[in-house]
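[1] the following comprises the amino acid sequence and a computationally predicted model.
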There are 2 protein chains.
Amino acid sequence: METVSTNLSFGGTQGVYTHQSTSTGTQMTFAVFVPPQAATQSCPVVWYLSGLTCSHANVMDKGEYRRKAAELGLIIVCPDTSPRGDDVANDESWQMGQGAGFYVDATQEPWSKHFQMYSYITQELPALIAENFPADMSRQGITGHSMGGHGALTIALKNPDTFKSCSAFAPITNPSTAEWSKGALTTYLGADQAAWADYDAVRLIEKGAKFPALLVDQGAADNFFDGCNPHALQSACVDTDIALTLRLQEGYDHSYFFISTFMDDHLTWHADRLSK
Amino acid sequence: METVSTNLSFGGTQGVYTHQSTSTGTQMTFAVFVPPQAATQSCPVVWYLSGLTCSHANVMDKGEYRRKAAELGLIIVCPDTSPRGDDVANDESWQMGQGAGFYVDATQEPWSKHFQMYSYITQELPALIAENFPADMSRQGITGHSMGGHGALTIALKNPDTFKSCSAFAPITNPSTAEWSKGALTTYLGADQAAWADYDAVRLIEKGAKFPALLVDQGAADNFFDGCNPHALQSACVDTDIALTLRLQEGYDHSYFFISTFMDDHLTWHADRLSK
C-alpha cells in the first residue's frame, strides 16, 4: 500500500492510498478518513460505496462526512467503483465498464479478468484496512449511493455477520428490473437472470436474506427515482424481520447536495449500532 | 441573469447563475446558497472569495458551508476569481491571468480590458444579488481563502460601511512583498509599487484603514505559509483599533480540508456580527 496524500481535517486524517489488487489485477485507489479518537483506540469502520461514474474522490470532496465522523469516532473507507486502466475492458456507456463495477464478480469475458469488485470490497480491501489502520473490524457498517447503495444493501444482506449496520442513499434496490442496470448485469453476469439474484437487494430479501434494520433516504425529486425503485424494497421488506426506515425527502435530487444533507443522519445511524 | 442549476441542500437552495458583466465585459458565473429562512424574511449575506486557480465551484463542492449557513440563515455568495474566455488575456503561470484576478481593477494593457474584479465584486455583483435574491444588503460580511482572503481583507478595509464582518482563511496579507503575488500586481497595476498599496491589507492598515474585528485562521503546516505571512498582518494591527483574532492551526495545510474544518467558526463569526 502506498500513500498518495494525507491531509489533516476536523482533527483527523483524510488519506488517499493505492495498492496492487489481486482481486482486480489492477492498481486500486481508495480514501480513508481516520478520526482523532484513533490516536488512543481502535475505531469502528463505515464503508461508503460510490455510484456510477464516481471514484473514491467524489464523496471525499463532496460528501461532508468528516465533521460527524470525527465527532463519532468513525473510520470512513471510500473505495473506487471499478478497476481502471488502459488494459481494462470498458464501454462507451456510463452504466457499465470503468466507473461502473456494480460491486459484482463478473463471470463473462472480457469483464471477468478485472471486474471482481465483490471480492475486492468484501475480502481484499478489508484485510488491507485491518492491517494498516487502527480499525476495529468487529464493528463495521456499510452505506453507499445509487449503484453504491445497491452495493451496500447486497453486501450487507449477504454478510450480516460482518456488517452490524447498513444504510443507503437512493440505492438501486432492484437492479434486475431497472433499465439503467440490466445492461451491466447482462454484460458482467450473462443473460440468465438467475445469476443476477445474488446481486439484487429485493431478490435477496425475497429469497430470505436477513438484516436487522436498514435506513434508506430517497430524494422525491430524483430524476432516477424509477431506477432506484424504493417501493420495491419497501414491498420486499413487508412480512420480514427487516426493519426498513425509508424516508422520501421532498424536493431532493440524486446529487451530493442531497447526500451531504443527510450524511450526519446516516453516520449517527451507524454509530448507534457500532458502539460497543 | 440566467440560472445554470439549482439543487435543494440542507433545506436551502444551492444555485449557480451566469450573467453578462459590464465590469469585466465577459460572461461571469457565480454560486449563491439561499437558506430556508429566506422563504419568510430577507437574510444577511456572506461573500466567499476564492483563491488562485479556483472558480465558484471549489468552495461550493468542498467548503461545507451549507449546513451551518442553513442553521444561521445566511445567504452565501461565491463569485468566480477572474474573467474567463478565449478573448480574455491569460498567462501560463497559475499566479496571474484567468483564475487569478486578485480582486483588483487592472490598469495595464492588455489586462485592464477585462480584469476589473474589484469593481465587479464591490459594485456590479452586489447590485445583481440585491435585485434577484432575498438579501438584506445592510447586513453583509466577507471572507475568503488565500488570494480570496486577500480580497476579503482589502475589500472590507476599504468598505467598512458596507461590510459589518470580515474573516479569512490563510489570506495573502501583504501581496506587495510576497513572491507569489508580486508578479500579478506588477502585471495588473504596473511596476510602481505605490499603486499596489490600495490592494494590500497590511499597507492599507499601515495607512490608517479601520475595521472593528478580523478573524484569520492560518494552517501552521501550510506550504504557502510565507506567502500568506500572517505575522505581517498581526504586526500591522498592533496599536490600531482593529481587533485581530489570528489562529495558527497546528498541522493544517492550505487545502479545502483545512477550510471546511473551520468553516463553521467563520460563519458563526459573521452571523454574530450580522444579526440585527
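    Arrived safely.

[2] for the residue of the stretch 151-276 of chain A at minimum distance from chain B, what are its contacts?
    Proximity of the stretch 151-276 of chain A to chain B (Cβ to the nearest Cβ) peaks at A:F257, 3.8 Å away. (Glycine included, C-beta is placed from N, CA and C.) Contacts for A:F257 (Cβ atoms under 8 Å, 6 or more residues apart in numbering or on different chains) come out as B:N7, B:L8, B:S9, B:Q14, B:R66.

[3] likewise for A:D265?
    Residues in contact with A:D265 (Cβ under 8 Å, 6+ apart) are A:L215, A:D217.

[4] and the one 5 residues further on, by the same measure?
    By Cβ under 8 Å, 6+ apart, A:H270 lies in contact with A:P44, A:V46, A:L74, A:G141, A:T143, A:S165, A:S167.

[5] would you mind writing the CA trace of the helix or strand containing the residue of the stretch 151-276 of chain A closest to chain B as CSV?
    Assigned by DSSP states H and E, A:F257 belongs to helix A:256-274. Only the C-alpha atoms of helix A:256-274 are listed here, as CSV (Å, rounded to 0.1, in the frame of the first residue of the first chain):
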residue,chain,number,x,y,z
TYR,A,256,-24.2,15.1,-3.5
PHE,A,257,-26.2,18.2,-2.4
PHE,A,258,-28.8,15.5,-1.3
ILE,A,259,-26.2,13.1,0.1
SER,A,260,-24.4,15.7,2.2
THR,A,261,-27.7,16.9,3.6
PHE,A,262,-28.4,13.6,5.2
MET,A,263,-24.9,12.3,5.8
ASP,A,264,-25.0,13.2,9.5
ASP,A,265,-28.1,11.1,10.0
HIS,A,266,-26.5,8.1,8.3
LEU,A,267,-23.3,8.3,10.3
THR,A,268,-25.3,8.6,13.5
TRP,A,269,-27.4,5.6,12.5
HIS,A,270,-24.2,3.6,12.0
ALA,A,271,-22.5,4.8,15.2
ASP,A,272,-25.6,3.9,17.2
ARG,A,273,-25.3,0.3,16.0
LEU,A,274,-21.5,0.1,16.1
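
[6] residue with max distance from the center of chain A?
    Ranked by distance from the centre of chain A (Cα atoms, centre = their mean), the top residue is A:T40, with 27.8 Å.

[7] need the pLDDT of it.
    Here the pLDDT value assigned to A:T40 is 97.

[8] need phi/psi at it.
    Main-chain dihedrals, A:T40, degrees, to the nearest 10: phi -120, psi -10.

[9] can you pull up the most central residue in chain A?
    In chain A, the residue lying closest to the centroid (Cα atoms, centre = their mean) is A:L49, at 2.3 Å.

[10] isn't that one right next to A:A152, touching?
    Yes. The criterion here is Cβ atoms under 8 Å, and A:L49 meets it with A:A152 at 5.4 Å.

[11] identify the contacts common to those two.
    Shared contacts of A:L49 and A:A152 (Cβ under 8 Å, 6+ apart): A:I142, A:T143, A:G144.

[12] pick the one among those closest to chain B.
    The closest of the shared contacts of A:L49 and A:A152 to chain B turns out to be A:T143 (Cβ to the nearest Cβ; 18.3 Å).

[13] related to what we said a few turns ago, mind checking which of the contacts of A:H270 land in strands?
    A:P44, A:V46, A:G141, A:T143, A:S165, A:S167 (DSSP state E).

[14] select only the buried ones of those in PyMOL?
    Selection of buried members from these for PyMOL, criterion 16 or more other Cβ atoms under 10 Å in any protein chain shown:
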select buried, chain A and resi 44+46+141+143+165+167
